[in-house]
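Colleague: let me see the structure of the following:
(one chain, ligands or ions: 2)
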Amino acid sequence: MSGDAYALRAEGVRKVFGVTEVLTSASVWARAGTVTTLMGRNGSGKTTLLRVAAGVLRPDQGVVAVDGVTMVPAKLHTLATLGVMFLPQGRLLVPSASVADHFRAVHVTYDGCEVEKVIEAAGIGDLMSQRAETLSGGEQARVSLGLAMARSPRVLLADEPLVGLAPVDQERLGGLLRSLATEGVAVVTSGHDTPVLMSISDEIIWSVAGTTHHIGSPETAREHHQFRREYLGPGFRST
Ligand SMILES: Nc1ncnc2c1ncn2[C@@H]1O[C@H](COP(=O)(O)OP(=O)(O)OP(=O)(O)O)[C@@H](O)[C@H]1O
Ligand SMILES: [Mg+2]
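Modeller: Numbering: from 1, shown residues only. Ligands and ions are numbered 1, 2, ... in the order given. Below is the predicted model of the structure:
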């Protein structure tokens, strides 16, 4: 392992779809023990950047490095073996399979993970016999995060994990993400659920105009005039 302070870095990422350059030069860094959150307007390229960082999407330019070692190319399965876990926005559950089946699959694939502990932490013990298609949106989110946790990731990239959840569930899931960081996981997340995301984040990255600005702490972000004006809006209240 190198002395790189970042468990995962995606840097200088350029991505073009057709004739549209969505990202010109964007970067996201994941540091062990911290929560980093990508914020920015719809279509600014947050998901695209996370997909590049996770090895799902190949960039036109830029590098992805794990523990300071550049991956060429960065592929999802290679990154997964190094402990990088991607939780996409849509949540990846098999509709007809039960929650228990999902966890059995994880247990078989990732020997040694403490599934029982995760199920308790995510508060999903009473959902185990339900088929995924019968779960509510919030329950699906909790199960998806639980499955990600069961893989004992070193880096968790969670794209909009709180979207569509009731405030109380946002706080609960946010708390789970925060506790993962406390255990040493490098968590990167994204979304517009600003009060909760700010309350669990150590660093805010602003995705705008094809690039990213590493703003710093949520406190700094709240006081950042341009970020307030262009993203948070004039009526933003954090509490
Ligand atoms: N596979 C693709 N083909 C063509 N265009 C794409 C593709 N993926 C993303 N885009 C476009 O790239 C832009 C950035 O999309 P992206 O999903 O990264 O935005 P986002 O910041 O995550 O937005 P949101 O806040 O709505 O989730 C959008 O204009 C989108 O339409
Ligand atoms: Mg998105």
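Colleague: near the nearest residue to residue 94 once chain neighbours are set aside, how many other residues are there?
Modeller: In space, and not counting its chain neighbours, residue 94 is closest to residue 132: 6.1 Å by CB to CB, 6 or more residues apart in numbering. C-beta coordinates here come from the backbone N, C-alpha and C atoms, glycine included. Number of residues near residue 132 (other CB atoms under 10 Å) recorded here: 21.
Colleague: show me which residues of the lengthiest helix in the chain are buried.
Modeller: Determined from DSSP state H, the single longest helix within the chain is helix 167-182. By neighbour count with 16 or more other CB atoms under 10 Å, helix 167-182 contains the buried residues 169-174, 176-178, 180-181.
Colleague: which residue ranges of the protein form strands?
Modeller: 8-17, 20-30, 35-39, 61-66, 69-71, 84-87, 155-158, 186-190, 203-208, 211-216 (DSSP state E).
Colleague: could you dump the buried residues of helix 167-182 to a markdown table with distance to ligand 1?
Modeller: Below are the buried residues of helix 167-182 laid out as a markdown table (distance: CB to the nearest ligand atom, whole Å):
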| residue | distance to ligand 1 |
| --- | --- |
| 169 | 19 |
| 170 | 16 |
| 171 | 21 |
| 172 | 22 |
| 173 | 17 |
| 174 | 18 |
| 176 | 21 |
| 177 | 18 |
| 178 | 22 |
| 180 | 22 |
| 181 | 22 |
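Colleague: want to throw those residues into JSON lines with distance to residue 194 and pLDDT?
Modeller: Formatted as JSON lines, these follow (distance: CB to CB, whole Å; pLDDT from 0 to 100):
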{"residue": "169", "distance to residue 194": "16", "pLDDT": "88"}
{"residue": "170", "distance to residue 194": "10", "pLDDT": "92"}
{"residue": "171", "distance to residue 194": "13", "pLDDT": "93"}
{"residue": "172", "distance to residue 194": "17", "pLDDT": "90"}
{"residue": "173", "distance to residue 194": "15", "pLDDT": "93"}
{"residue": "174", "distance to residue 194": "11", "pLDDT": "96"}
{"residue": "176", "distance to residue 194": "18", "pLDDT": "93"}
{"residue": "177", "distance to residue 194": "15", "pLDDT": "96"}
{"residue": "178", "distance to residue 194": "16", "pLDDT": "97"}
{"residue": "180", "distance to residue 194": "20", "pLDDT": "94"}
{"residue": "181", "distance to residue 194": "18", "pLDDT": "97"}
